[in-house]
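> Sharing a model prediction with you, sequence too.
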Amino acid sequence: MNMERLIQTDEVKLQTESFGDPANAALLLIMGSQASMVWWEREFCERLAAGGRFVIRYDNRDTGRSSSWPLGTAGYSLTDMADDAMRVLDAYGIEKAHLAGMSLGGYLSQLAALRHPERVLSLTLLASSNYADGLPPMEEKVIEFFTRSASLDLSDARAAEHFGVEKWRLIVGSQRKFDESRIRELVREEIRHAESLASMGNHMLLGGGEEDAARTEDIKQPALIVHGTEDPVLPYAHGLALQQGLSKARLLPLEGAGHEIHPDDWPAIIEAMLELTGSR
């Protein structure tokens with residue numbers, strides 16, 4: 001069973017959707033920069049729920065149906081976004097949960113674990129980083145793509161769809177098939193789902209959490225690091241650094257995968273996530 005729910009606090013509204021039995025261990029999914037919860041694909045969530053987890057996905061601020069601000073006016077930080085995870089848990093009456101974060105969502109998961117260690121049981125960090133000094137930057141092709149797209153009018157649905165499809169085409173790994181029809185439908189779903197698509201650009205302007213992130217070694221929860229060996233956004237070295245920096249981390253390398261949660265990798269990812277979250 002899945003159910004949508006809009007959470008309203010004094011500060012922010014957050015659109016959520018849950019899957020499975022609330023009596024099971026809670027698994028909160030946090031998506032990355034400029035992406036709504038639709039990129040935690042429904043079937044992926046349902047498979048986790050079928051494994052005995054109560055799965056919750058939600059729209060970060062400035063994505064989907066959560067609170068949004070005009071581009072360039074967002075008065076919040078990455079720390080606030082990390083605390084939103086706790087707001088979701090509070091609304092569902094959940095004291096402790098396993099967190100899983102994709103890309104920037106993994107960084108937010110780490111901040112949440114550092115700021116609220118008593119409430120985080122484990123971390124799954126997919127295509128993520130702690131953005132430590134000395135790690136390699138995103139590949140030039142990605143920088144060039146986003147530079148060219150900086151002036152794009154995302155209120156134009158056709159332009160937004162083209163941008164979304166080409167973005168995901170760019171970051172797929174060489175050993176994964178780019179399923180254009182699947183990606184296009186997800187992009188269209190995100191466009192339909194968004195109250196203010198252009199507001200997603202606020203994520204590129206955010207800071208915060210640097211002092212917390214510098215304490216990665218203080219994270220004591222068990223962690224699963226999932227990283228594609230051909231990730232052009234956060235190169236594989238970022239995943240290796242997380243494995244080395246976390247005291248209880250296991251690395252699941254995805255050979256030939258890019259910056260993605262590709263359906264071909266779902267069986268391995270889901271099995272590892274269920275193993276990590278099954279004993280606590």
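Done, it's in. Residues are numbered from 1 along each chain as shown.

> So residue 107 lies in a helix, does it not?
Yes: Residue 107 forms part of a helix when assessed by DSSP: H, G, I helix; E, B strand; the rest coil.

> pLDDT score for the residue nearest to it when sequence neighbours are not counted?
Spatial nearest neighbour of residue 107, excluding adjacent residues (CB to CB, 6 or more residues apart in numbering): residue 128 at 6.1 Å. Heads up, the C-betas are built off the backbone N, CA and C, glycines and all. For residue 128, the model assigns a pLDDT of 98.

> Low-confidence ranges, the chain, go.
279-280 (pLDDT under 70).

> Break down the stretch 151-280 of the chain into its strands, ranges please.
Applying DSSP state E, counting those that start in this stretch to the stretch 151-280 of the chain gives strands spanning 223-228, 249-254.

> which of the ones you listed sits most buried?
Most buried of those by mean neighbour count (mean count of other CB atoms under 10 Å) is strand 223-228; its value is a mean of 26.

> quick one: strands adjacent to that strand?
Sheet pairing of strand 223-228 (DSSP bridges) gives strand 120-126 (parallel), strand 249-254 (parallel).

> Return the residues in contact with residue 109.
30, 82, 85, 99, 100, 101, 120, 123, 124, 125, 128 (CB atoms under 8 Å, 6 or more residues apart in numbering).

> Now the second one: closest residue in space, sequence neighbours ignored.
Read it as residue 82. Using CB to CB, 6+ apart, the nearest residue to residue 82 is residue 111, at 3.6 Å.

> Distance of the nearest residue to residue 265 once chain neighbours are set aside relative to residue 33?
With CB to CB, 6+ apart as the criterion, residue 265 has its nearest non-adjacent residue at 5.3 Å, and that residue is residue 254. Per CB to CB, to the nearest Å, residue 254 is found 20 Å from residue 33.

> mind checking how far the most centrally placed residue in the chain is from residue 170?
In the chain, the centroid-proximal residue (CA atoms, centre = their mean) is residue 31; its distance is 2.2 Å. Taking CB to CB as the measure, residue 31 falls 18 Å from residue 170.

> and the nearest residue to residue 35 once chain neighbours are set aside, what does it touch?
Leaving out its chain neighbours, the residue that sits closest to residue 35 by CB to CB, 6+ apart is residue 63, at 6.6 Å. Residue 63 sits next to 31, 34, 35, 36, 37, 194, 199, 200 when contact means CB under 8 Å, 6+ apart.

> re earlier: was I right to think the residue nearest to residue 107 contacts residue 102?
Yes: using CB atoms under 8 Å, residue 128 makes contact with residue 102 at a distance of 7.1 Å.

> joint contacts of those two?
residue 32.

> what about residue 23, how many neighbours?
Applying other CB atoms under 10 Å, we find 7 residues neighbouring residue 23.

> Backbone torsions only: list them for the spatially closest residue to residue 118 that is not a sequence neighbour.
Residue nearest to residue 118 in three dimensions, not counting chain neighbours: residue 96, with 7.6 Å by CB to CB, 6+ apart. Note on residue 96: backbone dihedrals following degrees, to the nearest 10 are phi -140, psi 150.
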